[in-house]
Each structure stands twice: as C-alpha cells, then as structure tokens.
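S.K.: Sequence first, then the predicted structure, then my questions.
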Amino acid sequence: GNITSLNPINPINKPDPWEIKALKAFENGKTEISSVNKMENGKEYMRLMRPLITEKQCLKCHAVQGYKVGDIRGGISVSIPMEPRLLIVRKQKTAVTFGHGILWFLGLGAIILGGRKQVQSEEQIKKQIEQLSSLHTIDTAITSNFNLQAILNVILENVISQLHVDAAAVLLLNQDTQTLEYVDSIGFRSDALKYTTLKLGESNAGRAAKEQRITTIPNLGEYPDGFARSELFPQENFMTYFGVPLISKGKVTGVLEVFNRALLSAKPEWLNFLETIGDQTAIAIDNATLFNNLKSSNTELTLAYETTIEGWSRAMDLRDKETEGHTQRVSKMTLKIARVIGIKEKELTHIRRGALLHDMGKMGIPDSILLKPGSLTEEEWKIMKLHPEYAYNMLHQIEYLRPALDIPYCHHEKWDGTGYPRRLKGEQIPLAARIFAVIDVWDALSSDRPYRAAWPKEKVLKHIHSLAGSHFDPEIVKVFLKMDL
C-alpha cells in the first residue's frame with residue numbers, strides 16, 4: 001500500500017496510470033475505487049483506493065500548499081496479488097464484491113493464507129488506515145521543516161488522537177550533561193513535568209533511556225516514587241504510564257512519555273504503533289539536531305570570517321597611521337547611503353566587506369612610498385596606483401570574498417573615465433564603488449593629515465559638489481548632500 005497524489009511533494013509518491021484515474025474520479029465525487037488491474041510485473045492485482053481527506057491537524061504542514069479542511073489531497077492506494085482461486089472465480093464471471101473498505105489493511109488487505117480467507121473487520125481496518133494517515137502526517141512534518149517544536153506538536157497530537165490516551169510528553173537528552181530535560185507536552189492539567197531534569201537511570205523516563213527499552217507501568221499507584229520529584233504530578237490522577245526511549249543511529253536522544261487516567265491494557269498492535277511513533281520522533285530530533293549543529297557551525301565560521309576581515313582592516317589602519325580609524329568610518333557611511341538608495345540587505349554584506357578591505361592592496365606598496373611624508377614622484381605614483389590591482393589579485397583567490405571586490409578594485413575609477421586602474425566610465429563602474437568613492441574623499445578631506453589640517457565641513461561639501469559628473473556619479477552626490485552628516 002502507499003499514499004499518492006496528483007501533486008506529490010516526494011517523487012516516490014508519483015501515481016501510476018490506474019491511480020491517476022482513481023484520483024481524478026475522487027475529484028468528481030467518488031469515495032472509493034476498486035478493480036482488478038494488471039501491473040508492470042504482468043501479474044493481476046486487486047486494486048483499491050480511497051481519498052485522503054485534509055483534516056485540521058494536517059494544516060500545520062499542508063496549509064502552505066493551499067489545502068483547507070475537507071480538501072482531497074491524494075489517496076491511499078492498496079494493491080493485493082490475486083490468488084489462483086480468486087482468478088478462477090473471476091474467469092467464471094462470478095461477482096466479486098469489494099464492500100465498504102473490506103480488504104483495507106495498510107496495503108495487505110484480505111488474502112488467502114494457508115487456504116483460509118481471513119477478513120479484517122471494518123472497524124479495525126478503519127483504525128489502521130487512520131494510523132497510516134497519521135504516520136504520513138508526522139512524516140510530512142519531519143521532512144518539510146526543521147522546527148523541532150512544531151514537529152513535536154504534530155507528533156504529540158497524533159499520539160493523543162491515535163492511541164486514545166490522555167497526555168504525552170517529550171524529554172530530550174542533553175548530550176553534555178547526560179540529563180533528560182522537558183521540551184514539550186500535551187494533555188496535562190498543570191506544569192507537572194515542565195521543569196523535569198532527570199539523570200539516566202533516574203525515575204521511569206531515566207530508566208527507559210538507560211535500559212533502551214519501553215518502560216510500562218500498568219498502575220502508577222503501585223509505583224508512587226516514579227514521579228516523586230514533581231509536587232503537582234498527583235493532581236494529574238494518571239494511572240497507566242509508558243516510557244519509550246527515542247533511539248537514532250544507536251544513540252538515545254530522549255524519551256516519549258505517554259499517560260492515561262484510566263487503567264490501559266495495551267495490545268501488541270497498540271504497542272507497535274507507539275514504538276513506530278517513537279522511531280519517527282527520534283528521527284525528527286536527530287534531523288533537527290543535525291540542522292541546528294550545521295547552522296551553528298556556519299554561524300561560527302561566518303563570524304570567524306568577519307573577525308578576520310576586520311583584523312585585516314585594522315592592520316592596514318595601523319600601518320598607515322595617518323588614516324587610523326578611516327576604514328571603520330567609511331564602511332559605516334557607505335552602508336548608510338547604500339540603504340537609502342535601496343540596495344538589498346544581502347548585497348550590503350558584500351559592500352561592508354569591500355569597504356573594510358578597500359585599501360588591502362596597499363600591503364603591496366613599499367613603506368618608502370606609502371609612508372612618505374612629502375609628495376610622491378611620478379614614478380612613485382605609478383607604483384601607488386597599482387594597489388587596486390594588488391587587492392584584486394590577493395582577494396580574487398578567496399571565493400568567499402569575490403562578491404566584495406567591487407570596492408577594493410574600482411573605488412579609484414572616475415565617472416568621466418579618467419580614474420584607475422581600468423579607466424572605467426559612468427555606469428561601467430560598479431554601484432558600490434561609486435558610492436564608496438564619494439565617502440572615501442569625504443572622510444579623507446574631513447580628517448587631519450601630517451601635511452594639512454582637516455577641511456571645514458562646508459568646504460568639503462562644496463568640493464564634492466564640484467566633482468559631480470567628473471569624479472563622482474552625480475546621482476550619488478545628490479543623495480550624499482541630502483544626508484545628515
């Protein structure tokens with residue numbers, strides 16, 4: 001048996017031709033389709049399908065697909081091999097009746113076993129179909145997102161509805177402290193377990209985790225010490241308890257606890273379903289943990305990159321002492337204008353990095369030129385003008401920094417095409433570099449230098465205005481002059 005849909009999320013659930021016809025029939029009001037059909041292996045199968053109806057609990061995962069309560073989102077398909085005796089009956093044109101879902105048993109149905117035909121009761125079949133649908137809902141929640149809290153909510157709701165118990169809770173194992181800690185619950189009248197912290201082997205849940213097997217207590221009244229640490233627990237009036245260890249890849253990740261306020265005699269199929277949900281819960285926890293660890297590692301790596309970049313920029317400021325603090329100032333101001341212009345946040349990250357590294361190429365300029373107190377000779381200027389190319393050659397090898405190269409490589413280009421190193425003109429110059437060029441000159445002229453004092457603000461603004469259309473992009477200058485400096 002399988003679940004299929006005309007619009008499957010997972011390619012594995014793609015319907016075959018018979019299932020496509022059945023699904024289309026559901027859209028026209030049919031509630032069950034059955035027939036004998038020859039499948040790809042050449043054998044004849046008794047095929048049945050019922051529609052999969054969207055329920056309220058399904059909306060947590062399927063609302064984003066546009067489904068509403070009551071919508072048909074697929075079907076449950078069952079294929080049963082035709083036994084020789086049934087084939088003979090069919091050839092003799094004897095009527096074969098598929099009534100009200102008889103034969104539905106998670107894809108197995110009623111078949112001839114040992115010469116005796118065993119038919120599952122309709123009530124039991126209905127229950128098994130509901131459980132199959134429930135497991136599918138949980139599986140969809142697990143595969144569609146990494147929000148563990150949301151997934152656990154779906155799991156706990158299905159535990160209550162399918163196992164017909166009063167309450168359930170999930171405890172996660174803290175791998176550092178090796179203690180079980182409360183994360184979520186449903187059906188409680190109080191906060192009885194909300195602050196639970198248990199060592200492995202301690203209490204009922206701790207014992208289930210340590211022994212890695214289901215702990216069953218038919219009557220909690222006979223074992224009063226199991227929840228002695230919770231003062232509120234007696235108010236819950238629970239009678240029966242089950243603790244399911246959540247195990248993934250051989251490691252315990254937590255415990256699923258199930259409670260009932262009346263004595264509950266668990267049948268084998270009930271315990272099997274509980275264990276299956278426990279397996280799915282363990283998978284959900286493992287997936288979420290892997291995702292969060294990867295996200296955390298990525299954050300740490302990004303932070304390390306950013307710290308390294310800032311370190312490089314501070315090193316440049318320290319080397320060129322007359323521009324100390326310049327890099328941080330121009331970076332902040334460049335981002336300010338970029339936001340006003342409407343550049344997207346993702347691009348702002350690259351602009352910030354480029355601004356911090358704008359003078360990185362000066363590492364290749366000799367101290368005798370870079371730190372020379374007087375004017376540079378023509379030959380020295382030729383060498384100084386190489387620093388954008390040095391920056392490009394240094395940073396282009398680092399794939400992570402390639403999107404940030406516009407400023408280090410192009411911030412000395414001029415709007416009229418007289419800049420360097422490539423003599424780009426107008427909008428050939430990247431936007432980030434055009435913004436930065438204005439800010440770089442603003443900060444340089446507004447700061448003291450060994451060979452001159454800082455210019456007054458009005459003089460700097462007048463100078464920048466005079467260079468609009470020659471040195472600077474005139475539109476950027478307009479924006480700059482309106483800024484609160």
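M.R.: Yep, that arrived.

S.K.: Show me the residue at the heart of this protein, geometrically.
M.R.: For the chain, residue 146 is the residue whose C-alpha lies nearest the centre (C-alpha atoms, centre = their mean; 4.9 Å).

S.K.: Burial check on the closest residue to it other than its chain neighbours, number of neighbours?
M.R.: Excluding the flanking residues, the one nearest residue 146 by C-beta to C-beta, 6 or more residues apart in numbering is residue 291, at 4.2 Å. No exception for glycine: its C-beta is placed from N, CA and C like everyone else's. Residue 291: 14 surrounding residues under other C-beta atoms under 10 Å.

S.K.: same deal with the one 5 residues further on?
M.R.: Neighbouring residues of residue 296 were enumerated by other C-beta under 10 Å; the total is 10.

S.K.: The stretch 1-150 of the chain: helices as residue ranges?
M.R.: 17-27, 59-62, 84-91, 122-144, 148-163 (DSSP state H, counting those that start in this stretch).

S.K.: Just give me how far the fourth one sits from the chain centre.
M.R.: If I follow you right, that is helix 122-144. Centroid separation between helix 122-144 and its chain, computed with C-alpha atoms, centre = their mean, to the nearest Å, is 24 Å.

S.K.: list the helices and strands that helix packs on?
M.R.: Under the contact criterion of 3 or more C-beta pairs under 8 Å, 6 or more residues apart in numbering; DSSP states H and E, helix 122-144 touches strand 2-4, strand 44-53, helix 59-62, strand 72-81, helix 148-163, helix 268-319.

S.K.: now these as TSV including distance to residue 337?
M.R.: Converted to TSV, these look like this (distance: least, C-beta to C-beta, whole Å):
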stretch	distance to residue 337
strand 2-4	54
strand 44-53	55
helix 59-62	43
strand 72-81	50
helix 148-163	40
helix 268-319	19
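
S.K.: Can you tell me which of these has the worst average pLDDT?
M.R.: Lowest mean pLDDT of the helices and strands packed on helix 122-144: helix 59-62, a mean of 67.

S.K.: which regions of the stretch 351-485 of the chain sit below the pLDDT cut-off?
M.R.: Low-confidence regions of the stretch 351-485 of the chain, defined by pLDDT under 70, span residues 450-451.

S.K.: repeat that for 80
M.R.: For the stretch 351-485 of the chain, applying pLDDT under 80 flags the ranges 373, 448-452, 485.

S.K.: Same check on the stretch 51-200 of the chain?
M.R.: 55-67, 78-129.

S.K.: Swap in 70 and give it another go.
M.R.: 58, 60-62, 64, 80-123, 125.

S.K.: Quick check: residue 131 touching residue 162?
M.R.: Yes. Between residue 131 and residue 162 there is a contact under C-beta atoms under 8 Å: 5.6 Å.

S.K.: From residue 184, how far off is residue 77?
M.R.: Relative to residue 184, residue 77 is positioned 33 Å away (C-beta to C-beta, to the nearest Å).

S.K.: again with residue 252
M.R.: 18 Å.

S.K.: Name the nearest residue to residue 278, sequence neighbours excluded.
M.R.: residue 244 (3.9 Å).

S.K.: How about the contacts made by the one you found?
M.R.: Going by C-beta atoms under 8 Å, 6 or more residues apart in numbering, residue 244 touches 208, 214, 255-258, 274-275, 277-278.

S.K.: Mind putting those residues into CSV with neighbour count and distance to residue 305?
M.R.: Formatted as CSV, those follow (neighbours: other C-beta atoms under 10 Å; distance: C-beta to C-beta, whole Å):
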residue, neighbour count, distance to residue 305
208, 29, 44
214, 18, 47
255, 27, 39
256, 28, 40
257, 24, 43
258, 27, 46
274, 21, 47
275, 14, 45
277, 24, 42
278, 24, 41
